[in-house]
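**Q** Build me a model:
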Amino acid sequence: MDEPHLLYTIGHSNTELPAFLALLRQFEIALLADVRSRPRSFRFPQFSSQAQPGEQRALSPTDRPVARAMLAGWGTALGARRVAAEALEREYGLPEGTLRERAGIESVVRASEHEDELTLAFAAAQGAMHGAEADAGEFDWLLATSESFIGHPSLGARLYSRLLLRDSCGVLDVGGACVGLLNCFFTAKALLAAGLAQRILVVSADVHSRALAAGRVPGEFGGLFGDGASAFVLSDSGREDSLPFYQLGEFQFGCAGTSASALAVGMDREGQVALTFEGEALARAAVGRLGRIIEDLELRTGLQRQAAAGFATHQPNPRLVELLARQLDLPADMFPPVAKTCGKLGASTCGVALSRVLESQPDKPPQRGPIFLAAVGPGMLWGGGVLVA
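**A** Numbering: from 1, shown residues only. As a prediction, the model looks like this:
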């Protein structure tokens, strides 16, 4: 069956020419057809067929090919210590079976005393750069995200120095908690499409085990989390060394008001962790929203979830991932079991899951299905996207 194609429509109204062209680049439009009965505009002559030659060339996207965000390399790093569910239950004073039986957690990975967000981020970045055969001097931007890192200089600034990136490399620290990696991907795609970069390094890193230790938060919450990092090298498709692997496709984002107060994490005036955690309400809302994200992406892209190579999603806990798979009528093994053996890794859950899906893919593009991304964060911020071969 042939791959479905999308047909976009656009009107210029009173839009300035640079903004109009930026919109075409944002959606990777390769051909623009003028279907107006009268292809001219007296009020906005830049959109007339009689426009000056330079303006005509500017209006033709085929004269200025839209850069596509190609995935060139990836890497992950997990905490060096693995803690079994039974040990976690004793540590947090939980009844036997709370984590393994009810939540489906078999173990979590934790950072050693010599590891933190920076060391894990650096290790993941080195892996991604090695896979992409890229060195530090090639990057135009570094995008970093973490829900656990607190302090200044920021994680992005410290990682920039640790990697010895070039002086002209821009740095952005991106928020969003569990949605942070998807926010980074969307930002990277926009930078590449706008011609502002040729290579971008995206990194996520979280160390939850210290802030969410026993005695600071309830075990039903803290016992779910692990420590890890992920990294991805994204390249402009126009680079001579760009490989025909996966590219970033459609993305969508939003915020759902329902159950937005079910999870809130912060610091109180005494510097202690302040937590609001309504587990059952949050679980229902998260699974429902993740399902809708994937269904909406199907409608927007014409890609079928049954044809997917895998799903790199937020994983509240393994039992809820199983529930999500059943609701979508999909095999559970389409969702890499990150939370089951590593725990929740914050923004890096999607990153580690995506890396595992990518590692399982064949070498030939026609054999690769799309990869769906979906995440939900505190306040019911949500995001979704697809990678296409």
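**Q** Which residue comes closest to Thr301 once chain neighbours are left out?
**A** Distances taken as CB to CB, 6 or more residues apart in numbering place Glu250 nearest to Thr301, at 5.1 Å, with adjacent residues excluded. From N, CA and C alone the C-beta is placed, and that goes for glycine too.
**Q** for the record, mean pLDDT for the helix or strand Val352 falls within?
**A** Using DSSP states H and E, Val352 maps to helix 348-359. For helix 348-359, mean pLDDT rounds to 96.
**Q** what does stretch 235-250 give?
**A** For stretch 235-250, mean pLDDT rounds to 74.
**Q** Tell me the first helix or strand C-terminal of the helix-or-strand element of the chain with minimal mean pLDDT.
**A** Lowest on mean pLDDT, DSSP states H and E among the helices and strands of the chain sits helix 53-59, with a mean of 48. Note on helix 53-59: by DSSP H and E, the next helix or strand toward the C-terminus is strand 69-78.
**Q** about what we covered before: quick one: contacts for the residue nearest to Thr301?
**A** Leu297, Arg300, Thr301, Gly385, Val386 (CB atoms under 8 Å, 6 or more residues apart in numbering).
**Q** Tally up the residues packed near Val174, please.
**A** 22 (other CB atoms under 10 Å).
**Q** Narrow the contacts of Glu250 to those that are buried.
**A** By neighbour count, with 16 or more other CB atoms under 10 Å, the contacts of Glu250 hold Leu297, Thr301, Gly385, Val386 as buried.
**Q** Inside strands: which ones of the residues you listed?
**A** Gly385, Val386 (DSSP state E).
**Q** By pLDDT, rank the buried ones among the contacts of Glu250 and give me the bottom one.
**A** Ranked by pLDDT, those bottom out at Thr301 (91).
**Q** circling back to that earlier point, specify which member of the contacts of Glu250 is nearest to Glu147.
**A** Gly385 (18.8 Å; CB to CB).
**Q** Measure how far the direction of the helix holding Val352 deviates from that of strand 69-78, in degrees.
**A** Helix 348-359 runs at 110 degrees relative to strand 69-78, counting by axes from the mean of the first three to the mean of the last three CA atoms, to 10 degrees.
**Q** then helix 348-359 to CSV, C-alphas only?
**A** Extracted in CSV, the C-alpha atoms of helix 348-359 (Å, rounded to 0.1, in the frame of the first residue of the first chain):
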residue,chain,number,x,y,z
SER,A,348,14.9,10.6,29.5
THR,A,349,12.2,7.9,29.6
CYS,A,350,11.2,8.9,26.0
GLY,A,351,14.8,9.2,25.0
VAL,A,352,15.9,5.8,26.3
ALA,A,353,12.8,4.2,24.8
LEU,A,354,13.4,5.9,21.4
SER,A,355,17.0,4.6,21.4
ARG,A,356,15.9,1.1,22.0
VAL,A,357,13.4,1.3,19.1
LEU,A,358,16.0,2.7,16.8
GLU,A,359,18.5,0.0,17.7
